[in-house]
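Participant: Just need the structure, nothing else, for what follows:
(chains A and B)
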Protein chains: 2
Amino acid sequence: MTKYNVAVVGATGAVGTRMLEQLTNTSLPIQSVKALASKRSAGKKVKFGEQELIIEELTEDSFANVDIALFSAGGSVSEKYAPYAVKAGAVVVDNTSFFRQNPHVPLVVPEVNAQALDAHNGIIACPNCSTIQMMVALEPIRRVYGLKRIIVSTYQAIGGAGQQAMNEADHELREILNDGVDPTAVEAHILPVKGDKKHYPIAYNALPQIDVFTDNDYTYEEMKMTHETKKIMEDDKIAVSATCVRIPVLIGHSESIYIETEKIADISEVKRLISEFPGAVLEDDVANQIYPQAINAVGKRETFVGRIRKDLDAANGIHLWCVSDNLLKGAAWNSVQIAESLHERGLVRPTKELKFELK
Amino acid sequence: MTKYNVAVVGATGAVGTRMLEQLTNTSLPIQSVKALASKRSAGKKVKFGEQELIIEELTEDSFANVDIALFSAGGSVSEKYAPYAVKAGAVVVDNTSFFRQNPHVPLVVPEVNAQALDAHNGIIACPNCSTIQMMVALEPIRRVYGLKRIIVSTYQAIGGAGQQAMNEADHELREILNDGVDPTAVEAHILPVKGDKKHYPIAYNALPQIDVFTDNDYTYEEMKMTHETKKIMEDDKIAVSATCVRIPVLIGHSESIYIETEKIADISEVKRLISEFPGAVLEDDVANQIYPQAINAVGKRETFVGRIRKDLDAANGIHLWCVSDNLLKGAAWNSVQIAESLHERGLVRPTKELKFELK
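Facilitator: Here you go, the predicted structure:
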């Protein structure tokens, strides 16, 4: 049987380390794993199960003999190096936003649209964390009842902003709890967005900004949920408006989702559909206070769905609460799962015509 | 000028102590303040500005010569003692949910519906914290454009569950940060609801349960937002569906609100209306990353509104983000403000016919 040489680009990050971890428990047949990162990290060691891998510096020549390259080192790294990986014969699974809206690039949540992989041109994009779990929760409903509209408010974990942001949150909480610093007096340097002008504390706070703002007063994070949903569900008519909010949770995104279906849905049937959908776990028994919780989702690959109930007024309106580990299903696991699907579908092969610009 | 004898029932609680604090900075002419609580607290001292008040035990006879009684000691205490206060000639401002849906009882956010006070029968109810701030944010829009529908997801602070819950959250965070306890291994005894069967950690978590569940799978907290909005806005046709969530913030509720107006609204005009509405503060300048934040609202009486933008699809749809100190505008300040309004309208007077059952 064919076994693959796999490269992880960004192997020292919050997602990269988890990609390596997920690769130790995968149906993908693996020959070798190469850990790539910036020059700064080269020579350092990272764990790969019982083994240690020595980080190699990412260059244009890193992808000789690589079959599958998982990228999670920021959009500009993917922009520059993913085309070189494709040129060298690898298939790229990119966890950044850079290629997601590129018409040559499938945007894939395997449970939802694995068939989109068939038309790949060497690069497959992994959607944004907040989109992925919403797709797993809603696809079983969409398939039976159709989907007209989504209004979503997110409760996103700090881990989505990377390891540095998690360290900062930890530091902020210690300052408040142990040194008695007032929450408004805490100095912040990373959140809400590392590259934006102002920084605010996340400890004891809720920040209604993830990623920078676009011209329409939505953030890029919010617009990702809109655009990515339409692409993954292959339906430009689905209305999606999001409010994306960071809260003081380290790992595990929660989402309060309102949908309107085409056909009026039966709630017990919706629960059954979700419970039977791959990757989704129904946690919905309010009489026994069972509903998805961020702390319980950490380390799990599934998306947990609960609080499913009819809107009080709209006959075709449904509310639900959806939680997943944003670093696993939202990033590392979904990327490895895409690699598994590529293998299952016989799609791990060099691409003949390069559709992406070499820079 | 008339000066009033004021009683605070539940004077040792998170809200009661803040009622006393708010009474030190009020336009209400005050003769005396009496601090009432359970037998357990009688004899203890509480601060009232520079003074100290000695707590007296609450009894049926506590209200002789009291003009205004502010209640915040739980629904069962209000149920039993508020009618005795009215019988003794006091006007009651009740911060519990017990009388809110009683047709003899006005439910008042002074900026929104102070006129409802005119028909009072001795008891006025202060709405639920999560409803109050939403009313301040939406009333300026409703007055000009009409309001058909509200879908709200809340990000509620722990303080809404009382001082004990705040202490528990503090303890949980210390266990995790200082003792290395895993968030799932933290033992919880209060949240999500003191009186419910199961308890879950709030540290690093988001709990989609506030108050117990009703028969329709919404929580009482969620149904309060529905019922109270209709009563305050005097419009049973307004559709309101809520998802109420507790997050690891000590004080300051945030809300992601979606509304549909009767007439299509102009966003810049909406911003102007909110900025001019009493009690509301517009914080909306995304180019400069200005939006309401929980930590900045603590200790303030106002409701802060921002992230105001058109829905991406519905022409009459608007999204906004609203933040307020749940213990002040959401409870203590709104109660004292009702007392101020009663005074201004000449409504602080004994009620002749007792409409409430003495138990």
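
Participant: use CA for all of it now, contacts and neighbours both
Facilitator: OK.

Participant: all strands of chain A, in order?
Facilitator: In chain A, the strands defined using DSSP state E lie at A:4-9, A:30-37, A:45-48, A:51-54, A:56-57, A:68-71, A:91-94, A:123-125, A:147-155, A:239-243, A:253-261, A:280-282, A:303-310, A:317-324.

Participant: okay, those in TSV with distance to chain B and mean pLDDT next?
Facilitator: Shown next, in TSV, are those (distance: least, C-alpha to the nearest C-alpha, whole Å; pLDDT from 0 to 100):
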stretch	distance to chain B	mean pLDDT
strand A:4-9	29	98
strand A:30-37	29	98
strand A:45-48	22	96
strand A:51-54	26	97
strand A:56-57	33	98
strand A:68-71	28	98
strand A:91-94	28	98
strand A:123-125	25	98
strand A:147-155	7	98
strand A:239-243	6	98
strand A:253-261	7	99
strand A:280-282	15	98
strand A:303-310	7	98
strand A:317-324	8	98
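
Participant: In a markdown table: the ones you listed, plus mean neighbour count.
Facilitator: Formatted as a markdown table, these follow (neighbours: other C-alpha atoms under 10 Å in any protein chain shown):
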| stretch | mean neighbour count |
| --- | --- |
| strand A:4-9 | 24 |
| strand A:30-37 | 20 |
| strand A:45-48 | 17 |
| strand A:51-54 | 14 |
| strand A:56-57 | 20 |
| strand A:68-71 | 30 |
| strand A:91-94 | 30 |
| strand A:123-125 | 28 |
| strand A:147-155 | 23 |
| strand A:239-243 | 24 |
| strand A:253-261 | 26 |
| strand A:280-282 | 22 |
| strand A:303-310 | 26 |
| strand A:317-324 | 26 |
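
Participant: can I get those in JSON lines with distance to B:Ile124?
Facilitator: Output for the strands of chain A, formatted as JSON lines (distance: least, C-alpha to C-alpha, whole Å):
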{"stretch": "strand A:4-9", "distance to B:Ile124": "63"}
{"stretch": "strand A:30-37", "distance to B:Ile124": "64"}
{"stretch": "strand A:45-48", "distance to B:Ile124": "64"}
{"stretch": "strand A:51-54", "distance to B:Ile124": "68"}
{"stretch": "strand A:56-57", "distance to B:Ile124": "70"}
{"stretch": "strand A:68-71", "distance to B:Ile124": "61"}
{"stretch": "strand A:91-94", "distance to B:Ile124": "59"}
{"stretch": "strand A:123-125", "distance to B:Ile124": "57"}
{"stretch": "strand A:147-155", "distance to B:Ile124": "34"}
{"stretch": "strand A:239-243", "distance to B:Ile124": "35"}
{"stretch": "strand A:253-261", "distance to B:Ile124": "33"}
{"stretch": "strand A:280-282", "distance to B:Ile124": "43"}
{"stretch": "strand A:303-310", "distance to B:Ile124": "32"}
{"stretch": "strand A:317-324", "distance to B:Ile124": "33"}
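
Participant: okay, now the domains of chain A?
Facilitator: Using automatic domain parsing, the domain ranges for chain A come out as A:4-126+A:332-344, A:131-326.

Participant: how distant is the longest one from the center of its chain?
Facilitator: It refers to domain A:131-326. Mean-position distance between domain A:131-326 and its chain equals 11 Å (C-alpha atoms, centre = their mean, to the nearest Å).

Participant: And the first one, by the same measure?
Facilitator: From the chain centre to the centre of domain A:4-126+A:332-344 is a distance of 14 Å (C-alpha atoms, centre = their mean).

Participant: can you give me the end-to-end distance of it?
Facilitator: 13 Å (C-alpha to C-alpha, to the nearest Å).

Participant: Repeat that for stretch A:47-61.
Facilitator: Start to finish, the residues bounding stretch A:47-61 are 23 Å apart (C-alpha to C-alpha).

Participant: For A:Gln337, which non-adjacent residue is closest in space?
Facilitator: Sequence neighbours aside, A:Pro110 is the residue nearest to A:Gln337 in space, at 6.8 Å (criterion: C-alpha to C-alpha, 6 or more residues apart in numbering or on different chains).

Participant: Can you give me the neighbour number for A:Asn178?
Facilitator: Look at A:Asn178: counted by other C-alpha atoms under 10 Å in any protein chain shown, it has 12 neighbours.

Participant: same thing with A:Asp118?
Facilitator: 12.

Participant: Likewise for A:Lys355?
Facilitator: A:Lys355: 15 neighbours (other C-alpha under 10 Å).

Participant: quick one: contacts for it?
Facilitator: A:104, A:121 (C-alpha atoms under 8 Å, 6 or more residues apart in numbering or on different chains).

Participant: what's the pLDDT at it?
Facilitator: In this model, A:Lys355 is scored at 96, pLDDT.

Participant: For B:Ile202, see how far away it is.
Facilitator: Counting by C-alpha to C-alpha, the gap from A:Lys355 to B:Ile202 is 48 Å.

Participant: And the pLDDT for A:Ile359?
Facilitator: Not Ile; residue A:359 is Lys. Value for A:Lys359, per-residue pLDDT: 87.

Participant: Which strand residues bridge A:Gln51?
Facilitator: Beta-bridge partners of A:Gln51, counted by DSSP bridges, are A:Phe48.
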